[in-house]
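[1] can't give you the sequence, but here's the structure:
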């Protein structure tokens with residue numbers, strides 16, 4: 001069963017973007033991904049968490065869903081200019097990532113997964 005994975009700066013560099021090697025965006029992953037920038041104290045983040053778990057199960061290995069704790073990983077949050085949480089970064093296999101802010105309904109995530117990531121269930 002596919003699970004949402006928590007990233008640190010180290011694993012982020014391996015799986016998403018190695019910002020020490022590359023100045024310009026270069027996605028390191030094999031399949032598109034979504035990254036949830038969250039914090040434990042954030043109520044809307046808690047509402048999004050079960051939706052992300054469901055999405056990861058439903059899409060399986062077509063996409064990866066990652067979570068980054070903005071409290072623990074301030075450098076990564078700073079890199080993406082995270083101002084409010086939850087912020088979700090949609091990272092397609094090719095092209096630039098796109099950010100969505102706020103606790104969005106599941107349908108909105110599914111639409112973004114289709115439109116931005118080019119992935120259908």
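    Looks like it arrived, so ask away. Computed from a predicted structure; not experimentally measured.
[2] use CA for all of it now, contacts and neighbours both
    Will do.
[3] got the buried residues for stretch 87-106?
    87, 88, 89, 90, 91, 92, 93, 97, 100, 103, 104 (16 or more other C-alpha atoms under 10 Å).
[4] export the residues you listed to TSV and append columns for distance to residue 18 and secondary structure.
    Shown next, in TSV, are the buried residues of stretch 87-106 (distance: C-alpha to C-alpha, whole Å; DSSP: H, G, I helix; E, B strand; the rest coil):
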residue	distance to residue 18	secondary structure
87	20	strand
88	19	strand
89	16	strand
90	17	strand
91	14	strand
92	16	coil
93	15	coil
97	14	coil
100	22	strand
103	28	coil
104	28	coil
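[5] tabulate those (CSV), appending distance to residue 46 and pLDDT.
    Formatted as CSV, those follow (distance: C-alpha to C-alpha, whole Å; pLDDT from 0 to 100):
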residue, distance to residue 46, pLDDT
87, 13, 97
88, 13, 97
89, 17, 97
90, 19, 98
91, 22, 98
92, 25, 97
93, 27, 96
97, 23, 95
100, 16, 95
103, 9, 94
104, 12, 94
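[6] tell me the one of the residues you listed nearest residue 44?
    Among the buried residues of stretch 87-106, residue 103 lies closest to residue 44 (C-alpha to C-alpha), at 5.5 Å.
[7] OK, contacts around residue 85?
    Shown in contact with residue 85 (C-alpha atoms under 8 Å, 6 or more residues apart in numbering): 37, 38, 39, 42, 44, 45, 101, 102.
[8] low-confidence ranges, this structure, go.
    Counting by pLDDT under 70, the chain has low-confidence residues at 1.
[9] helices of that one, start to end?
    Residue ranges of the helices in the chain, as given by DSSP state H, are 9-15, 43-59, 74-79, 106-115.
[10] reformat those as TSV; add distance to residue 22.
    Below are these laid out as TSV (distance: least, C-alpha to C-alpha, whole Å):
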stretch	distance to residue 22
helix 9-15	10
helix 43-59	28
helix 74-79	14
helix 106-115	26
